[in-house]
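Asker: Fold the following and give me the result.
(one chain, ligands or ions: 1)
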Amino acid sequence: MRVAIIGAGPAGLFLGGALAGRGHDVIAVDRDTRPPAGHWPRPGVMQFHHAHAFRPQVGRALGREWPAALDAWLARGAEPITFDVPGMGVVPAGHRSRRDTFERALRATADTVPGLTVAQGHVDGVISSAGRVRGIVVDGSPVEADLVVDASGRSGRSVDALRAPASAGGPCGMAYVDRQYRLHDGAEPGPMSNQLAWQGDFDGYQVLVFLHEQGHFSVVLVRPTADPALKDLRHQTAFEAVCRAIPGLAAWTDPERAAPVTDVLPGGPLYNTYRGQRGRDGRPCIPGLVSVGDAVATTTPIFGRGVATTFLQVQQLVALLGSVTDPGLVGEPFGDWCEATMRPWVVDHVDMDGDSVRRWEGGDVDLTRRLPSDLIMAAAERDPAIGPALGGYISMLQLPSCLDPVEPLARRVYESGWRPAFTSGPTRAELREIVAGALRESPEPAQAGRSSGT
Ligand SMILES: Cc1cc2nc3c(=O)[nH]c(=O)nc-3n(C[C@H](O)[C@H](O)[C@H](O)COP(=O)(O)OP(=O)(O)OC[C@H]3O[C@@H](n4cnc5c(N)ncnc54)[C@H](O)[C@@H]3O)c2cc1C
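Answerer: This is a model prediction of the structure:
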């Protein structure tokens, strides 16, 4: 089978590697350049240089489908870690790695796979005839295929004319800014909530530190988009002043412990979006075309789920392609599977992130509706009977509905008046003061927000 893939991000590369390994003839086309030796600009993926954590599904899927890529990732320094999950014991918890390190490993391995070509070009659209997609148009030239895969990510637009619009989600009311640092040789990490990250939940905002490989780490500040004053966190002086003012971050970013390796990287508003396989004409799939990865399910990075949901989709798609009689119609059973197993994660994030923003703006826990998953988890601190139900959700081995049986227990905790304590540090109003004060003392122009290293 000839397969043309739009996009060579994690979805396009992993799918390309898996299908070529099964003897198919695959071309993946990406508008971005291949990785150079130094800084890899990646305008096609706005989050490329931002913080990423990799769940165990990612390494597990690579190990099963594309072990050479897993070996290449480990050889580039990816660090496997474990978690002690309530009710499950010590389990693999993913890998510490920067996204750049991860994708370079996949790209380098892709170059060695017979039957897989990764080409640079812009996919302008698809070729269709007799109600079926039959190839893609790359920089004006046709490339014929038996199956076209849309792996163009959250911002891909090349098959918009055919696909029905998103059926769930949208902007979640949060935006973020982050910066990468590296620990000095021999320096210990700062405070950690688990093996992968430190999470601070403050009055009106959130802070995450993701530890990557070889001492690299990212500091991420998440704020409500409704607070425009905090846009100024993109300025280095403001970002650094805030890092000094939040005790956990002061520990991580202490110049004695670590040094920045990038500029401050402003991110945009965050989205949760689910877009199924339906066509604009109402059919359950578009013959000859299937979408995968972020092009189907986009979730905010708060729980680091995107590459895991992407790889789970790729594995399912590969399995279905091995069993359907007409690969061009694979979108229909794949769409059913995505509805059942991907949509719930997007809906879970829509509920959770929207409610976080509401509470950041001063709202109390809303007991008139199902509690969002983060509040159910937090209540385990008060009622240990909740704990054993959390493992399936945290590990993504079960769907978010696995928390339904303990939601009434969590509800009783909140009905008693208990609320999760804020992490020690400034409120958002105080944060605004710190930002404004830093810029008064040392005004600076907006930065380009570029990585200064690899
Ligand atoms: C701020 C942020 C942080 C994140 N953190 C995490 C995390 O910690 N852990 C995690 O698992 N996930 C995280 N994610 C999600 C993760 O980045 C995505 O799930 C992942 O990128 C999805 O891979 P993809 O291949 O589907 O799409 P992308 O990575 O978006 O790749 C799509 C590719 O298609 C190409 N393309 C698009 N249109 C065209 C065209 N017309 N022609 C040619 N090429 C085209 C693009 O250049 C791009 O290379 C985060 C997301 C954001 C926004």
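
Asker: Only C-alpha atoms from now on, for both contacts and neighbour counts.
Answerer: OK.

Asker: So what touches stretch 300-314?
Answerer: Identification of contacts with stretch 300-314 by CA atoms under 8 Å, 6 or more residues apart in numbering yields 10-11, 14-15, 52-58, 61, 270-272, 292-294, 297-299, 338, 342, 349.

Asker: pLDDT below threshold where in the protein?
Answerer: Scanning the chain for pLDDT under 70 picks out 85-87, 444-454.

Asker: Show me which residues of it sit near the ligand.
Answerer: 6-12, 29-32, 44-45, 47, 50-54, 121-124, 151-154, 156, 158, 293-295, 301, 304-308, 310 (CA under 6 Å from any ligand atom).

Asker: hey, where'd the strands end up in the stretch 51-200 of the chain?
Answerer: 79-85, 89-96, 116-120, 123-129, 132-138, 141-144, 147-150, 168-183, 197-202 (DSSP state E, counting those that start in this stretch).

Asker: For those, give me CSV that also has mean neighbour count.
Answerer: Listed next are the strands of the stretch 51-200 of the chain as CSV, based on neighbours: other CA atoms under 10 Å:
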stretch, mean neighbour count
strand 79-85, 16
strand 89-96, 19
strand 116-120, 19
strand 123-129, 17
strand 132-138, 21
strand 141-144, 15
strand 147-150, 25
strand 168-183, 22
strand 197-202, 19
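
Asker: looking at the ones you listed, which is closest to V242?
Answerer: When the strands of the stretch 51-200 of the chain are ranked by proximity to V242, the top entry is strand 168-183, at 11.9 Å, counting by CA to CA.

Asker: Pull up the distance across stretch 194-205, start to finish.
Answerer: With CA to CA, to the nearest Å as the measure, stretch 194-205 spans 20 Å from end to end.

Asker: Name the residues that touch it?
Answerer: For stretch 194-205, contacts defined as CA under 8 Å, 6+ apart pick out 53, 81-83, 96, 191-193, 206-212, 221-224, 248, 357, 359-362, 422-428.

Asker: can you point me to the longest helix in the chain?
Answerer: Longest helix in the chain by number of residues (criterion: DSSP state H): helix 343-360.

Asker: Check which helices and strands that helix sits against.
Answerer: Counting contacts by 3 or more CA pairs under 8 Å, 6 or more residues apart in numbering; DSSP states H and E, helix 343-360 packs against strand 168-183, strand 265-274, strand 297-298, helix 373-378.

Asker: gap between the two ends of stretch 159-177?
Answerer: 30 Å.

Asker: now the helices for this structure?
Answerer: Under the criterion DSSP H, the chain contains helices at 10-21, 56-65, 67-75, 99-110, 236-245, 247-253, 306-321, 331-341, 343-360, 373-378, 390-394, 407-415, 428-441.

Asker: Now render those helices as a markdown table, adding mean neighbour count.
Answerer: A markdown table is the format used below for the helices of the chain (neighbours: other CA under 10 Å):
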| stretch | mean neighbour count |
| --- | --- |
| helix 10-21 | 25 |
| helix 56-65 | 19 |
| helix 67-75 | 19 |
| helix 99-110 | 20 |
| helix 236-245 | 21 |
| helix 247-253 | 20 |
| helix 306-321 | 21 |
| helix 331-341 | 19 |
| helix 343-360 | 21 |
| helix 373-378 | 20 |
| helix 390-394 | 19 |
| helix 407-415 | 18 |
| helix 428-441 | 17 |
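
Asker: R283 is nearest to which of those?
Answerer: If you check each of the helices of the chain against R283 by CA to CA, helix 331-341 wins as the nearest, at 9.0 Å.

Asker: I'd like to check what contacts that closest one. Which residues are they?
Answerer: By CA under 8 Å, 6+ apart, helix 331-341 touches 276-278, 284-287, 289-291, 313, 316-317, 320, 399.

Asker: again, but for stretch 70-83
Answerer: Stretch 70-83 has contacts (CA under 8 Å, 6+ apart) with 59, 62-63, 89-97, 101-102, 105-106, 108-109, 194-196, 212-214.

Asker: what do you get for stretch 102-115?
Answerer: Under CA under 8 Å, 6+ apart, the answer for stretch 102-115 is 9-10, 13-14, 16-17, 20-21, 23-26, 34-35, 68-70, 72-73, 76, 78, 116-118.

Asker: Run the chain-centre distance for it.
Answerer: 21 Å (CA atoms, centre = their mean, to the nearest Å).

Asker: Stretch 421-438 too?
Answerer: 27 Å.

Asker: Same check on stretch 394-411?
Answerer: Counting by CA atoms, centre = their mean, stretch 394-411 is centred 21 Å from the centre of its parent chain.

Asker: wait, doesn't G125 sit right on V159?
Answerer: Yes - using CA atoms under 8 Å, G125 is in contact with V159, at 6.2 Å.

Asker: quick one: F102 from the ligand, how far?
Answerer: Plainly put, F102 is 11 Å away from the ligand if you go by CA to the nearest ligand atom, to the nearest Å.
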